[in-house]
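A.B. asks: Sequence below, structure please.
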Amino acid sequence: MPENRPSRFRTPTPRRDGARPAASTRAPHAAVTGLRGLLRTIDGGPFQAYRRILGEHELGDFRLEVLSVPPDALGGPARLRLSIDRARAGLDASWSRGDLARLVIEDAIVRAAARALDDQTGAAPASAPGSGRLSIDPPAPGYFDCTTARVGEASLEVALSLELPAVDRRVRGQQAEAIFFEQLPKIGMAALLFPIRRADELKSRIEALARRRAVADALPGRGLALLVPPSALSDRMAPPGSMTTIETAHGPVDGLAVPAGITVFATVSVPGAGPWLRGILGSRDRVHGATAILAGPAAIIAPSRHVFGPMDLRAFVRACPELAHPEAYASEDAPAPLALAASIVAAIETGARIIVLDEDELPAGALGAGDALRDVVGAPSPLASLPDRLCDLRDRWGVTFLIAARRTSAFLAVADTVFTLHGDRLDDVSESVRTARRSLGLRRATGSGPEVAMPAARSMRVVTEGAPGGLKTAAWGARGVRIGDDLIDLTDTPLSGDPARLRTVAALLKHAARIASSWRPVTEVLDELETASARPVLDLLEEPGLVDLARPSRLDLAAALARWKRVAFRIAPGTLRPNAEDLP
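C.D. replies: Next comes the predicted model:
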């Protein structure tokens with residue numbers, strides 16, 4: 001043992017005068033307690049020793065709760081929750097309360113935490129086991145109810161994941177101490193503290209969201225499908241006659257007024273108007289407020305060849321030898337026109353009131369031949385062309401169509417409103433298009449197409465092996481979800497690339513298996529899934545592996561159900577007439 005190292009076996013050297021040695025004037029080291037003391041105690045110990053930090057700890061103004069610790073460094077990240085009292089955070093005023101304020105504040109917390117983590121460690125697609133990396137899901141493109149951040153009556157919270165630092169499956173306590181006492185407080189200050197400037201920004205965003213909600217409620221009464229604020233026009237000048245102002249209790253909102261009905265956005269250039277149209281409707285790279293305000297749920301139709309059926313397609317096709325029963329069409333690989341028709345019917349069944357089509361993305365033949373064959377064979381085709389159907393679907397189903405096309409599109413023959421898209425402006429050419437139609441004597445054929453009755457209602461059930469409650473669920477990367485042994489590919493839906501909503505969809509599909517083990521109306525099942533994912537009960541869906549959830553839309557849920565092979569559909573008994581008018 002080195003001479004200068006104290007030992008309990010050494011005795012003090014007596015003084016020559018026989019007196020007892022004086023007490024040392026040096027203060028002893030204070031014992032380190034709390035989380036810091038625990039981390040120092042378990043430093044170098046087996047990884048399982050991290051379980052000793054489970055529970056609540058004080059981090060200055062913040063409270064830290066270690067929610068879970070994996071059994072091994074390879075078992076995934078630990079779960080942490082950082083919180084602070086509202087008053088300390090600077091959010092105790094009345095303007096910061098209410099559902100709209102909660103949505104905006106939770107979104108701000110997640111975005112600030114994500115930025116702080118990027119500043120500290122840099123963006124990375126994944127974290128290695130034992131790396132000590134903190135992470136949070138990237139913020140969603142819009143406002144969604146979520147469990148990553150929580151704004152309560154008395155406190156604010158943000159949830160984080162941490163790859164607990166370890167090497168050779170042993171605790172790296174010093175690195176963990178630096179994370180908990182240096183990194184986490186910085187993230188808390190960035191995400192959970194609201195000084196005056198940040199609070200003022202929140203106020204303006206809450207007011208803006210309130211105005212947008214009020215405008216959305218007012219649009220149907222004014223005969224409008226959407227209002228496009230100038231910030232969403234990508235620096236293009238809108239035609240003056242098409243601009244309008246909608247007054248709300250929260251202030252006026254200006255924008256390009258797009259009427260309900262059939263509106264075509266056309267371009268004369270090689271690139272179509274599709275990317276622009278999808279962008280103003282809410283793409284991932286658009287900031288808050290830089291999107292159109294919609295009068296109702298919108299579905300962007302991307303014809304898919306997934307399994308359909310049975311589905312009522314009488315609005316698009318007559319009975320014929322190749323398709324004897326269009327009222328109950330089923331297929332595992334639908335031809336392009338029928339796949340498009342089925343996608344539109346499915347969206348409307350789910351509740352979509354606005355249908356968005358990009359002509360450039362429609363597969364060859366998807367528009368159908370329709371009455372164009374009359375002059376060739378002397379009789380109408382059993383399949384109606386899509387342009388021929390739009391007016392009937394608008395008038396009888398109350399559906400609005402937004403179509404990205406080119407100036408040569410067949411949709412111009414039936415459009416109510418036509419905008420041409422230029423590099424620096426939009427032009428309203430609706431009147432000139434109508435004049436051209438009259439001069440050419442173009443008229444839509446009537447009385448020869450299929451029946452346009454609303455689709456028959458459907459029922460569904462989920463058939464699983466074993467008890468639905470025992471199904472293991474998880475997100476399948478960023479492309480879909482895993483339910484039991486099934487992989488459900490959702491890359492052709494808006495859910496793709498959104499891990500928080502994918503995890504929620506996985507939990508809700510498991511819930512659907514419980515509530516729809518016997519036949520139930522599709523709309524009834526969707527109603528219950530929406531109720532199960534409402535903000536007050538969203539966190540009840542969380543389970544190991546399914547945390548940090550974000551609420552999907554009704555259209556998202558319907559798309560996931562339609563792609564799960566365990567879900568069976570049928571036309572609800574009694575909803576079809578024995579002798580349908582469209583059958584010969």
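
A.B. asks: what about the helices in the stretch 201-350 of the chain?
C.D. replies: Secondary structure of the stretch 201-350 of the chain (DSSP state H, counting those that start in this stretch): helices located at 274-282, 336-350.

A.B. asks: so which of those gets nearest G251?
C.D. replies: In this view, those are compared for proximity to G251 by CB to CB, and helix 274-282 is the closest at 21.4 Å. For glycine as for every other residue, the C-beta is placed from the backbone atoms N, C-alpha and C.

A.B. asks: Where does the prediction get shaky in this protein?
C.D. replies: Low-confidence segments of the chain, defined by pLDDT under 70: 1-32, 122-126, 270, 283-289, 303-306, 364-381, 441-451, 574-584.

A.B. asks: show me where it has helices.
C.D. replies: Under the criterion DSSP state H, helices of the chain are mapped to 34-42, 86-89, 99-121, 173-178, 184-192, 196-218, 274-282, 336-350, 374-377, 386-397, 430-440, 499-515, 522-532, 554-562.

A.B. asks: Identify each buried residue in the second one, please.
C.D. replies: Yep, that's helix 86-89 we're talking about. With burial defined by 16 or more other CB atoms under 10 Å, the residues of helix 86-89 counted as buried are R86, A89.

A.B. asks: ok so, going back, okay if I get the helices of the stretch 201-350 of the chain as a markdown table plus distance to D92?
C.D. replies: Compiled in a markdown table, these are given as follows (distance: least, CB to CB, whole Å):
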| stretch | distance to D92 |
| --- | --- |
| helix 274-282 | 33 |
| helix 336-350 | 41 |
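
A.B. asks: In TSV: the helices of the chain, plus distance to I136.
C.D. replies: As requested, the helices of the chain are arranged in TSV below (distance: least, CB to CB, whole Å):
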stretch	distance to I136
helix 34-42	21
helix 86-89	18
helix 99-121	5
helix 173-178	18
helix 184-192	9
helix 196-218	18
helix 274-282	22
helix 336-350	31
helix 374-377	60
helix 386-397	42
helix 430-440	47
helix 499-515	10
helix 522-532	25
helix 554-562	22
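
A.B. asks: closest to G255 out of those helices?
C.D. replies: Closest to G255 of these is helix 196-218 (CB to CB; 8.2 Å).

A.B. asks: what's the distance between that closest one and the middle of its chain?
C.D. replies: When C-alpha coordinates are averaged (CA atoms, centre = their mean, to the nearest Å), helix 196-218 and its chain have centres 20 Å apart.

A.B. asks: List the buried residues of that helix.
C.D. replies: Of the residues in helix 196-218, those scored as buried under the neighbour-count criterion (16+ other CB under 10 Å) are 199, 202, 205-206, 208-212, 214-216, 218.

A.B. asks: Domain map for this structure?
C.D. replies: 34-194, 221-440, 458-571 (automatic domain parsing).

A.B. asks: between these, which gets nearest to V452?
C.D. replies: V452 lies closest, by CB to CB, to one member of the domains of the chain: domain 221-440, at 4.3 Å.

A.B. asks: Tell me who's in contact with G251.
C.D. replies: E207, R211 (CB atoms under 8 Å, 6 or more residues apart in numbering).

A.B. asks: what's the spacing between it and R211?
C.D. replies: The span separating G251 from R211 equals 6 Å under the rule CB to CB, to the nearest Å.

A.B. asks: got it, and T263?
C.D. replies: In this view, T263 and R211 are 23 Å apart by CB to CB.

A.B. asks: do the same with A507
C.D. replies: Going from A507 to R211 by CB to CB gives 33 Å.

A.B. asks: surely S131 meets E163?
C.D. replies: Yes: in this structure, S131 is within contact of E163 by CB atoms under 8 Å, at 4.8 Å.

A.B. asks: For these two, indicate the residue with more neighbours.
C.D. replies: More neighbours surround E163 than the other of S131 and E163, with 21 against 18 (other CB atoms under 10 Å).

A.B. asks: Hmm, G132 and the more buried one touching each other?
C.D. replies: Yes: with contacts counted by CB under 8 Å, E163 reaches G132, the gap being 6.1 Å.

A.B. asks: tell me the contacts of A558?
C.D. replies: By CB under 8 Å, 6+ apart, the residues touching A558 are A346, E349, T350, V522, L526.

A.B. asks: correct me, but the fourth one touches R458?
C.D. replies: Yep, that's V522 we're talking about. Yes: contact criterion CB under 8 Å: V522 and R458 qualify, at 4.9 Å.
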